Every structure is written in C-alpha cells, then in structure tokens.
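Student: Pasted the sequence and its predicted model underneath.
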Amino acid sequence: MRKIVIIGGKLQGLEAVYLAFKAGIETTLIDKREGTPASILCDRFIRADVLERTPDLIAALKSADLVLPALENEEVLVTLDSLAKEHGFKLAFDLRAYLISASKILSDKLMADNNIPVPRYYPNCKAPYIAKPSSASGSEGVRYIETAAEMATFLQSVPEHEEWVTQEFLAGRSYSIEVIGKPGRYKTYEVTEIHMDEVYDCKMVTAPCDIPDKMKKNFAEIGIALATIVELSGIMDVEVIDDEGELKVLEIDARIPSQTPTAIYHATGVNFIEELVELFCDEDSKDSGQAPKAEFKKHVSFEHLLIKGGQIKTAGEHIISQAGPLKLIKGFCGADEAITDYIAGTAGWRATFINIADTRQQLDDKRHGLLRAINELQGEQLEYIDLSPTFKNEQ
C-alpha cells in the first residue's frame, strides 16, 4: 500500500486525506495543532511543527512514498523544500511556481507579459472594481468597490507596506481547471464551476460545466500555457471568469486546491492524489501527456451549509476551516456523502454535502431533498439563506 504524509489539516489537507482514502492510500497527517478538520479522517495524526525539524518529524517524512504540503505557510513550505533536498524524500510541491502564484502582482505581470487575458486594471477600466491583497489566498481580503471616488479613498487608506491588485469587477460565471505535470508533459482535467457567497468565498462547486467545447479547449490551452510559463512540476489550479464569452484569468495557485478535486473525482473518477503519486513516484512510467479518460460522467455538487440560529445558510469554505475534527457520513440528510461536525441534538453545525446524479435535474432534486431533510432533522422549518456577491452592499 502506498503511504503519503500530508502537511496541514485544514481545507487542502482535508481534500488530500479524503481523496487518498478513496484511492486506498495510507495517510499520515502532520499539523502543529490538535483538532484540525482532517485530524480524525486520516489513518495517523502526528502533532508536530515542521519548523522545529525534529528527528521524529524527519523520520516520518522519510518513511512515506510521497510528502504532500497542503497549506500556504511560506516559512513551512520553504522548510519542507529544504528538508526534501537534504534528506531525499519525494515532495509533491514546486516552491518556485508556488511563490510566483502566491503573489497576485507577480502572477498578473507574468500573465500580462505573455498575453494571457486578465481583467483590466484600475484606473484603465470602468467601475465597479475589485481590490485584492497581493499575497492573500483565494477570496481572502477581497473588496468590492462601487465607484472611482470610493476606490481613490480606499487606496489612500492602504498602508505603504501593503500591495493590492485593483481591477474591474466582472459579473460573469467563474470556472476552474487543474493542470498536473512537469515541463514537457502537462495534463488538464474536467472544468468545474465556482459559486461564490457574499464575501467572494466559494460556497459550492459543480461539475460538469455547461459551456461550449471551444471554450473548454481554450481554457485547457490557457492552463497549459501558464504551467509552461512557470515551469510547473506538480499541480496548479487556474480560475477564470467568463467576460461575455472571453475567459479572463483571475488567479493561479500552484498547490493542491480544495473543493474542485473532490467534485472532479465524483464527476469523472479521476483522483488527483493518484495522479500526483504517479507523477512523482512512478517517474519511469510511460505517459502520453493526456489526462486520463473519464470512465463515467456524473453531475456533482459540492457545497457548504451552516445550520445556526434558525437558518440554513450557504457559506464559503471558511466555515469548514473554522471547524474542529470532521467526520465523513454517507447518506447524511439524503446526500451521498457529508463531511461534518454534526453531533446529534445540537442546534448549530456545519457540513460539506456531496451530491451525485445522472442528470442536472436529478442533482437539483437531490439538493432540494437535502434541505427538506435538514429541516426534519432539526425539527423545525429553517430559513434558507443563499447570498451571492451582488448582495454584498446590502448587508
């Protein structure tokens, strides 16, 4: 049996542990905190701080077929890269590519220099705008700014040491694609749709996407072009927005993503942990460079719900990162699977629900049934709240 060590037990670690379980791969999770979300889903949990470089930690890293960082702490990532070079264990991570993708200013410049379509920059665009901290992850710190006057005021308030990216706000649908490989052989996979909550955090991922084949092909070409530019060795996630038929890149992240891999796994049968093990551990295997052909195509929704204060509220993945240890329950509230902190009799809990169906209509019916089942479980009619970014200024 293959063995992998996963560093970090929050969102990305949860994704990695889940997919490794589905692949029959033994997992050791390392985190400096007890009670992280993935801490009871793994086969073995070790509380340790990578920065301390202890003999026991190094022994655990060397015992694995593959070490997979699943966090975005730059100091930890630099340390792991150094330890891998010093002790010779296989690390499924590309530090150089990650550092480029972790800076929105660096990655945006890279895209501009290589004619990759991106949203236009302030002040050379019309209001409204989006402002994003250069080094923040995902939706963290994203601000919607209504007018040019508000943008000018905001920029005056930004401390000199902070770097922000300011661009036009685009209201189109958002999509994601993953690229895995090494220079000369890259694969892209199923496109997923990203659904945002009111603070621009992803509340749901769905697959497959109802977009033209030509657009999917274009998206795959953009993904491979970006991987080639950063000379990626590993996995990278590319997020775009559909601006009236043109895909514009919002961000790239050269690390294991959260949410989309599970949706892709249930939609197509492709498991990114297996793909990474093959890439880093089976380097002599012959590879066509093409993504594995999907064995089946299902409709999948992967969504986060917060049950609290008489409400069922859709919410971004931040609610899962804030949870304690999570458990996997099949058939919970009629969903195919749920990853949740639910305890019987409690009024407040959260869950990621995974639903799988043969058609989009069947998937919608399952999701509606899920809401009814939650009401029955709680013994009352809860208010359903589902907000999107366009509602942000009404809060």
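Tutor: Arrived safely.
Student: Now do the strands in the stretch 151-300 of the chain.
Tutor: Using DSSP state E, counting those that start in this stretch, the strands of the stretch 151-300 of the chain run over residues 164-168, 174-182, 185-188, 192-196, 202-207, 234-243, 246-253, 299-308.
Student: Now tabulate those strands in a markdown table and tack on mean neighbour count, distance to I7 and mean pLDDT.
Tutor: The C-beta positions use only the backbone N, C-alpha and C, and glycine is treated the same way. What follows is the strands of the stretch 151-300 of the chain, written out as a markdown table (neighbours: other Cβ atoms under 10 Å; distance: least, Cβ to Cβ, whole Å; pLDDT from 0 to 100):
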| stretch | mean neighbour count | distance to I7 | mean pLDDT |
| --- | --- | --- | --- |
| strand 164-168 | 19 | 28 | 89 |
| strand 174-182 | 23 | 19 | 98 |
| strand 185-188 | 19 | 24 | 96 |
| strand 192-196 | 22 | 25 | 96 |
| strand 202-207 | 24 | 22 | 97 |
| strand 234-243 | 23 | 14 | 97 |
| strand 246-253 | 21 | 16 | 95 |
| strand 299-308 | 23 | 23 | 98 |
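Student: Rebuild these as JSON lines, extending it with distance to I374.
Tutor: JSON lines is the format used below for the strands of the stretch 151-300 of the chain (distance: least, Cβ to Cβ, whole Å):
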{"stretch": "strand 164-168", "distance to I374": "38"}
{"stretch": "strand 174-182", "distance to I374": "26"}
{"stretch": "strand 185-188", "distance to I374": "36"}
{"stretch": "strand 192-196", "distance to I374": "19"}
{"stretch": "strand 202-207", "distance to I374": "15"}
{"stretch": "strand 234-243", "distance to I374": "29"}
{"stretch": "strand 246-253", "distance to I374": "32"}
{"stretch": "strand 299-308", "distance to I374": "6"}
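Student: closest to E75 out of the ones you listed?
Tutor: strand 246-253 (18.0 Å; Cβ to Cβ).
Student: of the strands of the stretch 151-300 of the chain, which approaches D386 most closely?
Tutor: Using Cβ to Cβ, the strands of the stretch 151-300 of the chain put strand 202-207 closest to D386, at 8.1 Å.
Student: Show me what the closest one is packed against.
Tutor: strand 192-196, helix 260-268, strand 299-308 (3 or more Cβ pairs under 8 Å, 6 or more residues apart in numbering; DSSP states H and E).
Student: Please render the ones you listed as JSON lines that adds distance to E275 to the earlier fields.
Tutor: Output for the helices and strands packed on strand 202-207, formatted as JSON lines (distance: least, Cβ to Cβ, whole Å):
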{"stretch": "strand 192-196", "distance to E275": "16"}
{"stretch": "helix 260-268", "distance to E275": "9"}
{"stretch": "strand 299-308", "distance to E275": "18"}
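Student: Go through these and name the closest to K366.
Tutor: Of all the helices and strands packed on strand 202-207, strand 299-308 comes closest under Cβ to Cβ, at 7.9 Å.
Student: The strands of the stretch 151-300 of the chain: which one's closest to A59?
Tutor: strand 234-243 (24.1 Å).
Student: For that closest one, name the packing helices and strands.
Tutor: helix 95-102, strand 174-182, helix 213-230, strand 246-253, helix 272-281.
Student: Out of the ones you listed, which is closest to A64?
Tutor: helix 272-281 (10.0 Å).
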